[in-house]
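Enquirer: Would you be able to build a 3D model of this:
(3 chains)
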Amino acid sequence: MARFIARRLLQLIPILLGLSFLLFVWVRALPGGPENALLGERGTPAQLQRIRESYGLDEPVIVQYGKYLERMVTFDFGSSISSRQPVTEEIRQRFPATVELALAAMFFAIVVGIPLGFLAARHHGRWFDHTSIGLSLIGVSIPVFFLAFLLKWLFGVKLGWLPTIGRIDATIDIEHPTYFYTVDAIVAGDWSAFVDVLKHLILPAIALGSISLAIIARITRASVLEVTGEDYVRTARAKGMTRSVVERRHILRNALLPITTVIGLQVGLLLSGAVLTETVFAWGGMGTLISDAIFNRDYPVLQGGILFLAVVFVLVNLAVDVLYAVLDPRIRVS
Amino acid sequence: MGLGSLYHIRFVRIEGEAMTGRTKATALATLVALGIVAAACGSSSKKSDTTTTTAAAGGATTTAAAGGATTTAAAGAKGGTLVFGTSRDPVVLDGAFVSDGESLRPIKQIFETMVTTAPGSTDIVAALAEKWTASADGMAWTFNLRKGVKFQDATPFNAAAVCFNFDRWYNFTGLLQSADVSYYWGTIFGGYAKNEDSKAPVSLYKSCEAKDDATAVINLTSPSAAFLAGLAVPAFSIASPDALKKYEADKVSGKSDSPSFDGTFGTEHPIGTGPLKLDSWVKGDKLTLVRNDDYWGDKSLLDKVIFKPLKDGPSRRQALETGEIQGYDLVAPADVAALSAKYNVLQRPAFNVGYVGMNQKKAPLDNVKIRQAIAFALNRPALVKAKYPAGAEVATQFMPPDLFGWSKDVPKYDYNPDKAKQLIKDSGVTDLTIEFWYPTNVSRPYMPDPEANFTAFKTDLEAVGFKVVPKSAPWSPDYLNAVNAGNVSLYLLGWTGDYGDPDNFVGVFFRTPQDAWGFSNQELFDGLTKARDIADVAARTKDYVDLNNKIMEFVPGVPYVHTKPSLAFDKKVKGFVPSPVQNEDFSKVSFG
Amino acid sequence: MSAPAEILGDAGLPIPSRDDERKVGSLLSEAVRRLRRNPSAIVGAVLISLFVLVAIFAPLLAPFDPRRCDVSLLPGPGQVPGPSAEHWLGLDLNGCDELSRIIYGARYSLLIGVVATTIGAFFGLLLGVLAGGVGRKTDNVIMRLVDIMLSVPGLLFAIAVAAVLGRSLGSVMIAIAVVNIPLFARLLRGSMLGQRESDYVTAATSLGVKKRKVVLGHVLPNSIGPVIVAATLALATAIIDAAGLAFLGLGSDDPTTPEWGRMLAQTQEALTVAPQLALFPGVAIVLSVLGFNLLGEALREALDPKLRQ
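Expert: Numbering: from 1, shown residues only, chains lettered A, B, ... in the order given. The predicted structure follows:
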């Protein structure tokens, strides 16, 4: 197992090198540069040239890349050209927002998705099966920004139950030692702030989690159906075990394996795929950080941010594989 | 703001009010004549004093009254918190290092400038300086400073502090001279003590002397009125010298290709003399300002002002409706009517122009008949009626009607498709294919929805026989880049003015050859240069009227709208006065 | 990532038989039979047929030219004439006939979905076949490339690609296609690896059939089931992704292009004053995407031998 993990971590190096080079070339292939984004139409050629020189953008790409690699070794990813903050600091503040949202979305998807899939399988082929799967599919079929807007309109504007923007009410002040607002509220010992943070999480989590919900429900349903057909389940039933015991001891337990895999893969996707949700809910996470950086041609943020997400993605996948091996003794990781 | 909004063209981030520009330099530089007028008037004193360049120039002022509704100035309740939705985070809270509207907005509250603009207008009035006089040659400006003013760190404001700030800016080195950092200094003063760029001009600034605690004299290397107008921009905010030093405002480290700003002045400790001071700033989440209880003037009515960045327009409106915010900027015209029932929708005076630009380097736009045909073909009144809020006017020329020099006799191009067809026929042009460009990912005050404007005009052009090839690019940097480089033919653009002078509009566009317009009309260039430098207001007015007529005969482009940008507030919010240049003071606002 | 797939090749040496071939045929007919019994499949098929028919016959169905807009028909900002006898669904924010735009929109959504999926599937399958069928070295190189592509979030990846290619319908299709490539590559490779050492392949190779012939003639066709399912679902995702890209300002140069995602994104600003304008394209998107999703899921179930009862 240790060797497996070590090998996979080693594989990370060529991936990152390849990705960083592709990123480097790509951001410089975009039309216009940060100097244009900073000064816009009115920048004189001389001013633009000065900015290019200040940021070393006038050198050959390969030289720039060499310098970039050199700094990367010391975990120096440079500073954002538009906010002037170090990229690492930007990520430190933004990444927790994305993780918090992803976890909340995942929580929603699991808590609703597994029971839904389980019940659908139990009523296999009947109306409950079709409607529940059909409904969860509608969730996948709505563009996220539209779903978000509808949720905000209904629960925010019409009913007034839930807040529609940001991570905490603007008038509540708490310290942010971790930038996980739930944790920050607990650290501050502020119960009302904690509740407020949770309320802010609900709508974005539903909007973001709807796709995972459908996938988890489907996988749950499929694997429960599959396990139900296995000999040992039939045997157990034949032995006279009650349905609920069989469900608990055999079906659910064995169905959990593929479900875990899927959940693991979803975490990776949620961490990274929240661009639209973050935009609509004014959620200052990685998605908006990077999409803004594309429009501002903020090279250091683009390079550092996407590279960071890629590392997270690969690590999450590794964790899923390891977990898979742990859960299923039949799997030998070699 | 001040000089700023002219630059909406530049700061591009999706919706941010922006300010920028090379032309700003030229535009400001042209104020020389005006400045001397102001100096001659002795521009005295006191808060009520409105002797300003524009006032002196006669009828050039734009006031809030000229705009839409204004919240009643009646002082509301004291105390409370106002949450205001902005389009994005500030870059940093150090005026010397920014040029975008969303940074200047909080800076305007925390800091004060030597002079400022009167509420709701572009008139220059006293701020930290109570009085100012210029020497006869216009090279030495004496400022009599307000007494008893303290910075928020309790250090005294005095002539030494003023000189410290000016010398700080003047002595910027390395990256700090870059236009993305000290844009305004570079624009108004041209150069630095030691120019990093060998081609940069000699600095307009020469030295600053603290005659006594309350008298600062600023010496220039040549006469300039741009200087006084420029000082009203919050970029020239006077900061506490102690704080600047203590929090290492100017410290830049890191390798040359990866500079990092290490000081905490602009992020954690911006110390000025303003009515509000920084409480906390959680980037991407909110910026909280609190009342400065030691403020020298009327203390802020609100306890707290929170600026909340909300990039997405519909999200801002929803947040107002749910009560999460109590006001926001950049209200979409489509929402104005709907919101007016339950909220106060305020309008800034129409100090802008939206136009269809034409690049005469691209055939057939070099043909004046084709340009006129386009002007006749565009149904501008229909667009303005359908897409702009009440109060917006169809433009007949490249500057707003409130400004002196506006001509009522310009050649008009009322919507007339038949005449357009006839002109096309007369022109002899057979290939009527035209590339028509519009920007995406942007909403400007004069162009809230570029796609809608494009769609309407495209239909109009096709109706008279043009074959329109749609072209688009994200506003920043692609679109601006393409326009600036003269790579587009027909395109949508516009301008928001900085101060009340015709040169700030027509001078910016047509005084010099520009790739975006692609023409060389020496008569026009000379005329505009001459008009800029005339001291006599009546003569200037006459010149500009003539020039506006000439321009519209030449039809370098088709101006189509002057609009009133809107803000929306909860009904309980009182005392907000919209400014044509976004110099808006939140300390006079009350809530509840 | 590929651990589960790598472990699958442990089988013994069963007797080769022609039954395997026959089984594939009966599997197919059984799949069809099962599909016809599944209400999800029927609803999905009906939705898709409707969608395709509207797309094909758009010029006959649409009462007006969807690109012909008249802004002078609009009384003021945020005021959009609703449904009337002449314009059944009213006008849009630019003064175009909404019904005609919705009808023509089917064409664009179908076009984007089909083209993006086809391109993505083609290159993905090509990579997958190379990885799964050639050899360990090729496999390693290709899979590392796929890992790199997968490690960048899909939508960000699409934004990135579209940003380089500039604004056009083509660049949106290519962007979405590129996102699909690694997914198809991995899917096919996994499926092929799973079979490479299965009974009939071992049999074929031991009988002296050339490797290339085995891969192309046997392994590939047997791996195609999951690919069809994935393609159906990818079509649905492509339509949704195009809407997301439109929301972020990427799409055709021509704002009068009657593309549902774009129409939906354009009307976000006016949702409170003219909610119907968001509702129509919104519902159109949901129904067409739902059609592909329902059919895809039903297909998956029908083709999965494990779920046979």
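Enquirer: For the stretch 151-300 of chain C, which residue gets nearest to chain A?
Expert: Per Cβ to the nearest Cβ, C:P153 is where the stretch 151-300 of chain C lies closest to chain A, at 3.2 Å. C-beta coordinates here come from the backbone N, C-alpha and C atoms, glycine included.
Enquirer: Identify the residue nearest residue 261 in space, chain neighbours excluded?
Expert: I went with chain A, as the question did not name one. The spatial neighbour of A:T261 that comes closest, neighbours along the chain excluded (Cβ to Cβ, 6 or more residues apart in numbering or on different chains), is A:Y324 at 5.7 Å.
Enquirer: My question was about chain C, not that one.
Expert: Excluding its sequence neighbours, the residue lying closest to C:G261 (Cβ to Cβ, 6+ apart) is C:A243, at 3.0 Å.
Enquirer: check which helix or strand covers that neighbour.
Expert: Assigned by DSSP states H and E, C:A243 belongs to helix C:220-247.
Enquirer: got the CA coordinates for the very next helix or strand once past that helix in PDB?
Expert: Note on helix C:220-247: by DSSP H and E, the next helix or strand toward the C-terminus is helix C:260-266. Once non-C-alpha atoms are left out, helix C:260-266 reads as follows in PDB (Å, rounded to 0.1, in the frame of the first residue of the first chain):
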ATOM      1  CA  TRP C 260     -31.400  28.500 -25.900                       C
ATOM      2  CA  GLY C 261     -28.500  28.900 -23.500                       C
ATOM      3  CA  ARG C 262     -27.700  32.300 -24.800                       C
ATOM      4  CA  MET C 263     -31.400  33.300 -24.700                       C
ATOM      5  CA  LEU C 264     -31.600  32.200 -21.100                       C
ATOM      6  CA  ALA C 265     -28.400  33.900 -20.100                       C
ATOM      7  CA  GLN C 266     -29.500  37.200 -21.900                       C
END
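Enquirer: show me the contacts for the residue nearest the centre of chain C.
Expert: The residue lying closest to the centre of chain C (Cα atoms, centre = their mean) is C:L235, at 1.5 Å. With contact set as Cβ atoms under 8 Å, 6 or more residues apart in numbering or on different chains, C:L235 has these partners: C:G113, C:V114, C:T117, C:F292.
Enquirer: Was I right to think the last one contacts C:A236?
Expert: Right, C:F292. Yes. Counting by Cβ atoms under 8 Å, C:A236 is a contact partner of C:F292 at 3.8 Å.
Enquirer: Quickly list what's touching both of those two.
Expert: C:G113.
Enquirer: re the thing from before, filter the contacts of C:L235 down to just the ones in helices.
Expert: Residues of those located in helices (DSSP state H): C:G113, C:V114, C:T117, C:F292.
Enquirer: The residue nearest to C:G261 and C:M263 touch, don't they?
Expert: No. Between C:A243 and C:M263 there is no contact, the gap being 9.3 Å when judged by Cβ under 8 Å.
Enquirer: From C:V54, how far out is the closest residue in space to C:L233 that isn't next to it in sequence?
Expert: Nearest residue to C:L233, sequence neighbours excluded (Cβ to Cβ, 6+ apart): C:G296, at 4.1 Å. Per Cβ to Cβ, to the nearest Å, C:G296 is found 20 Å from C:V54.
Enquirer: neighbour-wise, which of those two wins?
Expert: A count of neighbours by other Cβ atoms under 10 Å in any protein chain shown puts C:G296 above the other of C:G296 and C:V54, at 24 against 20.
Enquirer: contacting residues for that one?
Expert: Contacts for C:G296 (Cβ under 8 Å, 6+ apart) come out as C:G44, C:V229, C:T232, C:L233, C:A236.
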